[in-house]
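**Q** predicted coordinates and the sequence they were generated for:
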Amino acid sequence: ADYTGGRVDLSGIGAYGGAFSGKLAIEGQNLSNDWGFDGGGLHANLSGSGRVSLLDGSLIRNNRLDAQNAAGPAYANGGGLYVFHNDLNAVAMDTLGGEIRGNAASATVTTATGYDQATAEGGGAYVRGDVTALSGKLDGNTATATATDNSGAARAHGGGAYIAGNLATLSGRTNDNTATAITTTQNVTSSAYAYGGGTYVHSNLTTLSGEASGNTATATADAANVYVNGGGVYVGGTFGALSGKVLNNTAEGQSASRNAYVNGGGLYLLKGAGELGGEISGNRAGATILGGNYAAYAYGGGAFAQKEVTTLSGRITGNTAEGVVQGGTGYAHVYGGGAYVMEGLGTLSGTVSGNTAKARNEVNDYYDAYAQGGGSYVYKSIAALSGTISNNTAEARALGGTAYAFGGGVGTYENITALSGTLSGNKAKATSTSGDAYARGGGAYVTKSIADVSGTITNNTVEASSGSGEAHALGGGLFVYVPDVLITKGTYANNKAIAM
């Protein structure tokens, strides 16, 4: 069935057990109240074999949910559409197609209880249950959560879409969506959380073959921590494979007086991944603190994986991770300008180029700045590095503290079993005005050992400079903290270490 007109409610007075498949055109619906709403254009509560297919040719545009509460929590789910299956493990939507554009879900809390939260999920679409294919276009949707006065936390998840289940295939386009969380209270527990500027998938995502571009997840807080994960896409379960594009997304967090945690400017993977192919380019993860004795943490400008990644075979280029301390007495920690992997990487066979990890501490005191892995940082081991790591930069700057820049191209806290690829044109640069500066491993920094080196390591640089402290520059091409390296063949030339 096809339909053009006002808001559609498939639920009626009970749950819908049928199958709806068709084209919908729903525009300009505005719903508001003082506590919460679901589904600006389409609302469906499903049971049994009930499911929805929104076909290509549908247009869900400029619908809005607005919940504002001065006496309790507020929520807004699915500015454009809301599909809820009472069985979380059932398929709620076969196809999420068409165009879902310019919709908004907004929740605001102004209570003084200290615990009432504002929650906005799915600026364009909210689905509870599994989705077989997200093949449509989600453009320019917003999810905004705001907590003021002395209220609780603000949570904004899925600027374009929130999937509270599994997503088999994301083959569509998710562009220019925004998830924004803001707390302006003086309550230190009123943290701001923004996850998945484009798409939030609570469970597993099997294949991302489409495009996530220009999406933003941002969180700001006056007195509490901020947490930002996945400027483009957030995946809370296992991730199968990326063959599409994750481009020019941003994850940005700022706290006036506490910690800022920002992970995965383009892609955030809570449980690791099978293969990162495709392209991850032009993304940014930025963390800033303005005061307090806390820290700015920015990990994975392009991609962040909490667990193991089997293969990194794609292109990771032109991404940035940046942590800045502008006031107070805190530290800046930045790891993985292109990608950060926590639990180990099987094979790095792709191209990691032109990425930057930058830590800046602008406080004129003894507080430090740490930048590691301009191209990529793997906390545990890398089994095989056979790809190309080129023209990446790890840069740390401090005024009065120590600046540490390790691994211009790649850094790892443990081992590399075999390095047969190319490390070229990478740079680790540490600068301190009055403190010490340490730069190590222009091409690669390895904390433990490398079993075998047979690749090409050329034209890499480490540079350390200090106005009145000590400057140490070690390992222009390669720095191995535990000296257990077997260099069997390959090329090692024109690397530089500069201290001044």
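**A** That came in fine, so what should we check first?

**Q** who's residue 52 bridged to?
**A** Beta bridges link residue 52 to residue 20, residue 93 when assigned by DSSP bridges.

**Q** list the contacts for it?
**A** 10, 19, 20, 21, 42, 44, 46, 83, 92, 93, 94 (C-beta atoms under 8 Å, 6 or more residues apart in numbering). Just so you know, the C-beta spots here come from the backbone N, C-alpha and C atoms, and that holds for glycine as well.

**Q** which among those count as buried?
**A** Buried by 16 or more other C-beta atoms under 10 Å: 10, 20, 42, 44, 46, 83, 92, 93, 94, out of these.

**Q** correct me, but the third one touches residue 22?
**A** Going back to what we said before, that points to residue 42. No: applying C-beta atoms under 8 Å as the test, residue 42 and residue 22 come out as separate, 11.1 Å apart.

**Q** which neighbours do the two have in common?
**A** Joint contacts of residue 42 and residue 22 (C-beta under 8 Å, 6+ apart) are residue 54.

**Q** output the below-cut-off pLDDT ranges for this protein.
**A** 1, 12-17, 112, 114, 483-486, 488 (pLDDT under 70).

**Q** now do the helices in it.
**A** Under the criterion DSSP state H, the chain carries no helices.

**Q** picking up where we left off before, can you list the contacts of residue 52 in CSV and add distance to residue 202?
**A** Below are the contacts of residue 52 laid out as CSV (distance: C-beta to C-beta, whole Å):
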residue, distance to residue 202
10, 22
19, 23
20, 23
21, 24
42, 20
44, 18
46, 17
83, 14
92, 12
93, 14
94, 19
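
**Q** pull out the buried positions in stretch 38-54.
**A** Within stretch 38-54, judged by 16+ other C-beta under 10 Å, the buried ones are 38-46, 50-54.

**Q** list just the nearest of these to residue 211.
**A** The closest of the buried residues of stretch 38-54 to residue 211 turns out to be residue 54 (C-beta to C-beta; 19.1 Å).

**Q** and that closest one, what is it in contact with?
**A** 22, 23, 24, 42, 60, 81, 93, 95, 96, 97, 98, 136.

**Q** number of residues surrounding the fifth one?
**A** What it means is residue 60. 30 (other C-beta atoms under 10 Å).

**Q** could I get the contacting residues of the closest residue to it other than its chain neighbours?
**A** Nearest in space to residue 60, with sequence neighbours left out and distances taken as C-beta to C-beta, 6 or more residues apart in numbering, is residue 80 at 4.1 Å. Taking C-beta under 8 Å, 6+ apart, we find residue 80 in contact with 26, 40-42, 60-61, 63, 100, 103, 123-125, 141.

**Q** please redo it, this time with the cut-off set to 7 Å
**A** Counting by C-beta atoms under 7 Å, 6 or more residues apart in numbering, residue 80 touches 40, 41, 60, 63, 100, 103, 124, 125, 141.

**Q** residues contacting the second one?
**A** When contacts are counted by C-beta under 7 Å, 6+ apart, residue 41 touches 7, 26, 29, 60, 63, 80, 81.

**Q** pick the one among those closest to residue 230.
**A** For those, with residue 230 as the reference and C-beta to C-beta as the criterion, the closest is residue 80, at 20.2 Å.

**Q** any chance of the buried residues of stretch 38-54 in a markdown table, with distance to residue 375 too?
**A** Converted to a markdown table, these look like this (distance: C-beta to C-beta, whole Å):
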| residue | distance to residue 375 |
| --- | --- |
| 38 | 43 |
| 39 | 43 |
| 40 | 42 |
| 41 | 43 |
| 42 | 44 |
| 43 | 46 |
| 44 | 45 |
| 45 | 47 |
| 46 | 45 |
| 50 | 48 |
| 51 | 44 |
| 52 | 43 |
| 53 | 42 |
| 54 | 40 |
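
**Q** so of these, which ones are in strands?
**A** If you go by DSSP state E, the buried residues of stretch 38-54 have 38, 42, 43, 44, 45, 46, 51, 52, 53, 54 in strands.

**Q** now, the most widely separated pair of those?
**A** Among those, 38 and 53 lie farthest apart (C-beta to C-beta), at 19.5 Å.

**Q** and stretch 175-188, how far apart are its ends?
**A** The first and last residues of stretch 175-188 sit 34 Å apart, counting by C-alpha to C-alpha, to the nearest Å.

**Q** same check on stretch 205-220?
**A** Using C-alpha to C-alpha, one end of stretch 205-220 lies 28 Å from the other.

**Q** likewise for stretch 130-147?
**A** Rule used - C-alpha to C-alpha; the end-to-end distance of stretch 130-147 is 31 Å.
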